[in-house]
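Enquirer: output the structure for:
(one chain, ligands or ions: 1)
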Amino acid sequence: MAIGVFDSGVGGLTVHRRLVDRFPDADFVYLADQVNAPIGGRDGEAIVDLTRAGCERLFAAGCDLVVLACNTASAIALRRLQQTWLPGYRKTLGRPVNVLGIIVPTIEAATGLPWEHEAERRGDKVEKLDILAVFSTPATARSRVYEIEIDKRRQDVAVFVEPCPELARMIEAGAGAVELATTVEAHVKAVTTRIGRAPDRAILGCTHYEMVADMFRAALKPGTPLIHQPQATADALAAYLAKHPEYLAGDSGGRTFLTTGKPGAQHILVETFWGGPLSFEQA
Ligand code: DGL
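Expert: Numbers count the residues shown, from 1 in each chain. You can find the predicted model right below:
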């Protein structure tokens, strides 16, 4: 058995990298749905359908657990699939399977609180607001998941989400450094203007953006902490596997990279991030 990792494209590799480092012996199958990428500008039903199709492919490839290494799929599709599709699909497959998202661990890391914790609203005066900027796809921004879930837990954190409609597509296409940096700078400037000052912390709330994390660091106020979604996800998966021994991660260190798009090598931005060549097979 193996762990499946799903994203619309190469962005999920930023999470995958951490998972592979954390679980070197586990077997992994990565699926990039590149024929449909980017998904962050699509409507909700399309995102649900594409996420379900990706999970089905990964379960068919022998995975028991699928990690949605995609904020858009986690924000829009995960709950729907867990409630309306997975229970029946488990019966069809005749084995335990599950799908995990990456927003819960990210919010836990951002709030410093376990997911189960919901703050009591005591109406205390908040002395100092911690301003958190979240950069995301339009669909994740529309879901308001980061604002809603952080606000439930921490009244001293104010969340400002900045949708970046073109950035995932540009990263997917291997756009040049100048073009990427200009776009990142424009979004950092836009959210800073909206807030009225620089954010105190930031979340790169689309897994593609981690590939250009240095550009975000350069555009943000020097030293602005970035909450590291790949690390938070790896920690959450370790905790989940420890609690759920029924999901087997495999032990032969298998690495399979599948794409619904063009098989073969990925562009230089991806290889630089990954630290070596990466060849994808046809899904
Ligand atoms: N990498 C994805 C995310 O974290 C999706 C990007 C896209 O396909 O628009 O949201």
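
Enquirer: and the protein, which residues reach the ligand?
Expert: Within the chain, the positions lying close to the ligand (CB under 6 Å from any ligand atom) are 7-9, 11, 37-40, 70-72, 137, 140, 168, 206-208. The way it works is simple: take the backbone N, C-alpha and C, and place the C-beta from them, glycine included.

Enquirer: Leu132 bridge partners, please.
Expert: Judged by DSSP bridges, the bridge partners of Leu132 are Val159, Arg201.

Enquirer: okay, and which of the residues of the chain next to the ligand map to helices?
Expert: 71-72, 140, 168 (DSSP state H).

Enquirer: what's the neighbour count on the spatially closest residue to Ala173 that is not a sequence neighbour?
Expert: If you skip the residues right next to it in sequence, Ala173 has His267 as its closest partner in space, 7.9 Å away by CB to CB, 6 or more residues apart in numbering. The tally of other residues near His267 (other CB atoms under 10 Å) stands at 13.

Enquirer: gap between His267 and the ligand?
Expert: 16 Å (CB to the nearest ligand atom, to the nearest Å).

Enquirer: for the record, mean pLDDT for stretch 24-34?
Expert: Taken as a whole, stretch 24-34 carries a mean pLDDT of 98.

Enquirer: could I get the buried residue list for that stretch?
Expert: 26-34 (16 or more other CB atoms under 10 Å).

Enquirer: turn the residues you listed into JSON lines, columns for secondary structure.
Expert: Conversion of the buried residues of stretch 24-34 to JSON lines gives the following (DSSP: H, G, I helix; E, B strand; the rest coil):
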{"residue": "Ala26", "secondary structure": "coil"}
{"residue": "Asp27", "secondary structure": "coil"}
{"residue": "Phe28", "secondary structure": "strand"}
{"residue": "Val29", "secondary structure": "strand"}
{"residue": "Tyr30", "secondary structure": "strand"}
{"residue": "Leu31", "secondary structure": "strand"}
{"residue": "Ala32", "secondary structure": "strand"}
{"residue": "Asp33", "secondary structure": "coil"}
{"residue": "Gln34", "secondary structure": "coil"}
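
Enquirer: that older thread, correct me, but the residue nearest to Ala173 touches Ile171?
Expert: No: using CB atoms under 8 Å, His267 is not in contact with Ile171, being 9.4 Å away.

Enquirer: can you list the buried residues of stretch 24-34 in JSON lines and add distance to Gly254?
Expert: As requested, the buried residues of stretch 24-34 are exported to JSON lines (distance: CB to CB, whole Å):
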{"residue": "Ala26", "distance to Gly254": "8"}
{"residue": "Asp27", "distance to Gly254": "4"}
{"residue": "Phe28", "distance to Gly254": "7"}
{"residue": "Val29", "distance to Gly254": "8"}
{"residue": "Tyr30", "distance to Gly254": "11"}
{"residue": "Leu31", "distance to Gly254": "14"}
{"residue": "Ala32", "distance to Gly254": "17"}
{"residue": "Asp33", "distance to Gly254": "21"}
{"residue": "Gln34", "distance to Gly254": "21"}
